[in-house]
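J.: 3D, please:
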Amino acid sequence: MNKLIDDLYKNRLLNTDEKIERFEEDLNKLAEEFEEEYIADVCRVFDDNTREHEMMFGLIHLIEAFSSERAFPSLS
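T.: Here you go, the predicted model:
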């Protein structure tokens, strides 16, 4: 598993300000280097027990953005 995805997984409950900040930083870094092979591992980061449900939408947007770039390469 990619180190950034591993860190996202470790911080997925977002139960401290530090974990929230780290999660956001790692998500932004991952967006810069996202590959199709990461999708399954990113999906493992989703957790209903997270304190910050809206932060999980960042994962959805990451996958959506990647899918859009693949489906519509002329738009990227």
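J.: make it CA atoms for all contacts and neighbour counts henceforth
T.: Noted.
J.: So for this structure, which residue is the most central one in space?
T.: residue 59 (3.6 Å; CA atoms, centre = their mean).
J.: could you say what helices and strands the lengthiest helix in the chain packs with?
T.: Looking across the chain with DSSP state H, the single longest helix is helix 53-71. Packing partners of helix 53-71 (3 or more CA pairs under 8 Å, 6 or more residues apart in numbering; DSSP states H and E): helix 17-33, helix 39-43.
J.: sorry, back to before: pretty sure the residue nearest to the centre of the chain contacts residue 41?
T.: No: under the criterion of CA atoms under 8 Å, residue 59 makes no contact with residue 41, lying 10.9 Å away.
J.: re earlier: ok, the residue nearest to the centre of the chain - contacts?
T.: 27, 42-43, 46 (CA atoms under 8 Å, 6 or more residues apart in numbering).
J.: Same question for residue 44.
T.: Going by CA under 8 Å, 6+ apart, residue 44 touches residue 9.
J.: Please report phi then psi for it.
T.: Per-residue torsions, residue 44: phi -70, psi -20 (degrees, to the nearest 10).
J.: Mind checking what secondary structure residue 37 has?
T.: Using DSSP: H, G, I helix; E, B strand; the rest coil, the structure places residue 37 in helix.
J.: Residue 39 against residue 62, yeah?
T.: No: between residue 39 and residue 62 there is no contact under CA under 8 Å: 9.3 Å.
J.: Who has more neighbours out of the two?
T.: Taking neighbours as other CA atoms under 10 Å, residue 39 and residue 62 compare with residue 62 leading, 19 against 15.
J.: Quick check: that one touching residue 31?
T.: Yes: using CA under 8 Å, residue 62 is in contact with residue 31, at 6.4 Å.
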